[in-house]
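Asker: Let me see the structure of the following:
(chains A and B)
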Amino acid sequence: MNALTLGHYLLVSGLLFSIGLAGVLLRRNLLIIFMGLELMLNAANLSLVAFARHGVTTLGLPDYNAQVLVFFIITVAAAEVAVGLAIIVALYRLRQTTHVEDLDKMKF
Amino acid sequence: MTNPQLYPWIILFAPLVAAGVILFVLSRNNTAAGAVGILTAALTCFLSWKVFLDPSLTVTAQIPWLEVPGVFSVPIGIILDNLSRVMLVVVTTIATLVFIYSAGYMRGDEGIPRYYASLCLFLFSMLGIVLADNFVMMFIFWELVGVSSYLLIGHYFRKDSAADAAKQAFTVNRVGDFGFMLGILMLWLATGSVMFSGIEQNLSAMTLHPGYLTAACLLVFCGTLGKSAQMPLHVWLPNSMEGPTPVSSLLHAATMVAAGVYMLARIFPVLLAAPEVVREVIMWVGAVTCFAAGLMATQQDDIKRILAYSTISQLGYMVVGIAVAPAGDIAMFHLFTHAFFKCMLFLCAGSVIIALHHEQDIWKMGGLLGRMPLTALCVVIGTLALAGTPGFSGYYSKDLIVAYAHGANNTVFWITAGAALLTSFYMFRLFFVVFLGRPRGEHAEHAKQSPAVMTIPLLLLAIPSVAAGYPAIAKHFFDLPHPEMPHIVHYALLAALGCGFFLAAVLYARGPAKDPVRIPLFANRLYIDNFYDWLVAKVQGGLAVLGSWFDRWIIDGLVVTGAARTVWATGYVLRLLQLGNLQAYAFFFGAGVLALLYYLIFR
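Answerer: The predicted structure follows:
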């Protein structure tokens, strides 16, 4: 079962990212778009962890820098989710919709 | 009075103070305004005579005014020499008489305080020119007389013609003054000084470059062209007759227009050091002016315009005098005598005009000899003096100039002699038409001698008009040489006088109802005014239209609006990209990132 190479991880990470991007580009509901964004974020996290696991330093230890960075990303993502959801809720209260097609008031 | 050193300063600044007082305190009190004006003029006159009679008095004190250390220094200083002493006396004496006369002439006018304030301002500026010891100060006061002349010509500013004449006088003078300023700057650049004494000391630096000195002198002479109404900048002086007659008398006959001649006399050493061509040009300008203005005067119908052209003609004599004589005194002598009799002639014209209820056309006058005997007497004296009759002041000064012209250039001599004939002709024409024959208008029948306040200045001026030229009197004012006069000068001038008188007598003495001679060329002032009209209306107007077109379409349309429209159009195109669709933005963003990555990796 040691056939799990860096390439496999990156493939999964890329798939996750693509799914997220497709969600962002194609779905109309802000909440779903938001979820797509989170998915893309976590795809990045996954590739970071994979690189950390397989990119061995001269001491023979995994590169922990990337793993630390992942924790930072998770923390920031949590904050971002809080802000983003709050905006969406506020927007919904104002307009009674979360569909992006309806939100084009700034358009000329 | 205390310190004689202060007299020139009091003379200079008293009129300015008076102008301020009249304008700001007495602007509603006609009597007080007139009284302050007259008293101030009398004070300056009194002090001027004291200064004149005290030849030892010199003033060294200066007010520092503009200082750039090591480069440039312009003080407000006073020069007291024979030239300025004589000019002081002439200006203040005539000013006093004109101020008094104005009280009679302007009676009933609505703007008396404004009138006297402007007159005081003029007196201040004129005295500034006379007393200036450097070119910059002279130029400042030169411009100030221009301003006061503008104000006084435009006294009846509700009349369009008066407002236009004021504007024209100012604009035409500006042309000359621009040259004057350039000339001053050139002299300063070459000699490093604007003081008259400094320029004369450092002249040697300039005589090495005759071309430069010629240009500088001719540019300075441009100032005279404008202020002393020489050809071709003479057109403003006849039109300036739109102002009140005392103003014409003081500014546009006796003093202000003579400032150009005074300035030339002031820089006479510079002119002497300059190449011959400078004096040649000055001489020809003066000669052409004095003859052409004489021609124009013969066919004018307005009593004041006749006198105005006569003034231009006499100024031409003075300019010729500057160019041909070995000293400035010869021209100044004519300025001196001319100031008295021409001022008096204008005041006579003023009293005729007042007696006839502001009628200025000589063909509506006539038969005034019996009705206004004192005025008629003064006009006779003035005419004889102006025409150069032996025994009257004009004879001596004009003879001197013509004699020197004879020594300098034969053609100029004959031109000036011819101008003397014209002088005699148009002055006797004026006298015959106005005072002889039968009255040609209702006003002329009921004309009465003007009141004493107007008549007394006339009679007082009549005295110097006769006597100012006598050698016994003139020697106190001028250091006149006695050149050997060729007989031909005497004969030519006497013949000119006689012919002029005879011609005028034949044509006008019987009192014709209208002018028996019609020469449109002279009546229309050689069409010079029409030429300027054409120049201003067509050439300058065309240039203005072109400039306006360029400004409207190229500057405004292409550059200013064009820039705005470019920005607007770019913005219009760019905002089409703003679809308002979140996903499209995300797509563009992603595509952009991909493109960037592609570029960075595979370039």
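Asker: so how far is the longest helix belonging to chain B off the chain centroid?
Answerer: Ranked by residue count under DSSP state H, the longest helix found in chain B is helix B:160-191. Relative to its chain's centre, helix B:160-191 lies at 10 Å (Cα atoms, centre = their mean, to the nearest Å).
Asker: residues in contact with residue B:472?
Answerer: Contacts for residue B:472 (Cβ atoms under 8 Å, 6 or more residues apart in numbering or on different chains) come out as none. The C-beta positions use only the backbone N, C-alpha and C, and glycine is treated the same way.
Asker: picking up where we left off before, which helices and strands does the longest helix of chain B pack with?
Answerer: Counting contacts by 3 or more Cβ pairs under 8 Å, 6 or more residues apart in numbering or on different chains; DSSP states H and E, helix B:160-191 packs against helix B:135-153, helix B:196-201, helix B:203-207, helix B:210-227, helix B:236-239.
Asker: Extract the C-alpha set from the shortest one and format it as CSV.
Answerer: Only the C-alpha atoms of helix B:236-239 are listed here, as CSV (Å, rounded to 0.1, in the frame of the first residue of the first chain):
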residue,chain,number,x,y,z
TRP,B,236,-5.0,110.6,-29.9
LEU,B,237,-4.4,114.3,-29.3
PRO,B,238,-7.2,115.7,-31.4
ASN,B,239,-9.6,113.2,-30.1
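Asker: what does it rub up against?
Answerer: B:164-165, B:168-169, B:171-173, B:229, B:252, B:257, B:300, B:305, B:308-309, B:311-312, B:525.
Asker: C-terminal to that helix, what's the next element?
Answerer: Downstream of helix B:236-239, the first helix or strand assigned by DSSP states H and E is helix B:245-249.
Asker: From chain A, how far out is residue B:235?
Answerer: 64 Å (Cβ to the nearest Cβ, to the nearest Å).
Asker: what about the residue of chain A at minimum distance from chain B, which helix or strand?
Answerer: At 2.8 Å from chain B, residue A:107 is the closest residue in chain A, using Cβ to the nearest Cβ. Residue A:107 is part of no helix or strand, with elements assigned from DSSP H and E.
Asker: What is the neighbour count of the nearest residue to it once chain neighbours are set aside?
Answerer: In space, and not counting its chain neighbours, residue A:107 is closest to residue B:580: 2.8 Å by Cβ to Cβ, 6 or more residues apart in numbering or on different chains. Other residues within reach of residue B:580 by the criterion other Cβ atoms under 10 Å in any protein chain shown amount to 14.
Asker: Residue B:580 is in contact with residue A:104, isn't it?
Answerer: Yes - between residue B:580 and residue A:104 there is a contact under Cβ atoms under 8 Å: 3.3 Å.
Asker: wait, is residue A:17 part of a helix?
Answerer: Yes - under DSSP: H, G, I helix; E, B strand; the rest coil, residue A:17 falls within a helix.
Asker: these two touch, right, it and residue A:41?
Answerer: No - applying Cβ under 8 Å, one finds residue A:17 not in contact with residue A:41, separated by 9.3 Å.
Asker: number of nearby residues for residue B:120?
Answerer: For residue B:120, the count of nearby residues is 29 (other Cβ under 10 Å).
Asker: Which of the helices or strands spans it?
Answerer: Assigned by DSSP H and E, residue B:120 belongs to helix B:112-131.
Asker: Once you drop chain neighbours, what's closest to the residue nearest the centre of chain A?
Answerer: The centroid of chain A falls nearest to residue A:41 when counting by Cα atoms, centre = their mean (1.7 Å). Distances taken as Cβ to Cβ, 6+ apart place residue A:77 nearest to residue A:41, at 5.4 Å, with adjacent residues excluded.
Asker: Quick one, grab the pLDDT at that neighbour.
Answerer: Here the pLDDT value assigned to residue A:77 is 92.
Asker: In the helix or strand containing it, which of the residues would be classed as buried?
Answerer: Assigned by DSSP H and E, residue A:77 falls within helix A:64-95. Neighbour-count burial for helix A:64-95, counted by 16 or more other Cβ atoms under 10 Å in any protein chain shown, picks out A:66, A:70, A:73, A:77, A:84, A:88.
Asker: before we move on, what about stretch B:464-483?
Answerer: B:464-469, B:474, B:477-478, B:480.
Asker: Same check on stretch B:526-534?
Answerer: B:529, B:532.
Asker: mind listing the helices for the stretch 451-600 of chain B?
Answerer: Per DSSP state H, counting those that start in this stretch, the stretch 451-600 of chain B carries helices over the ranges B:452-467, B:471-474, B:487-508, B:520-523, B:528-534, B:541-549, B:562-575, B:582-602.
Asker: out of these, which comes closest to residue A:12?
Answerer: Distance to residue A:12, taken as Cβ to Cβ, is lowest for helix B:582-602 among those, at 20.2 Å.
Asker: which residues sit against that closest one?
Answerer: So helix B:582-602 is in contact with A:21, A:24-26, A:33, A:100, A:103, B:579, going by Cβ under 8 Å, 6+ apart.
Asker: which one among the residues you listed gets closest to residue B:286?
Answerer: Using Cβ to Cβ, the shortest approach to residue B:286 within these belongs to residue B:579, at 83.9 Å.
Asker: Is there a neighbour count for the residue lying closest to the closest one once chain neighbours are set aside? I'd like the number.
Answerer: Leaving aside its chain neighbours, residue B:579 sits nearest to residue A:107 (6.9 Å; criterion: Cβ to Cβ, 6+ apart). Number of residues near residue A:107 (other Cβ under 10 Å) recorded here: 10.
Asker: rewinding a little: which residues sit in contact with the residue of chain A closest to chain B?
Answerer: So residue A:107 contacts B:578-580 (Cβ under 8 Å, 6+ apart).
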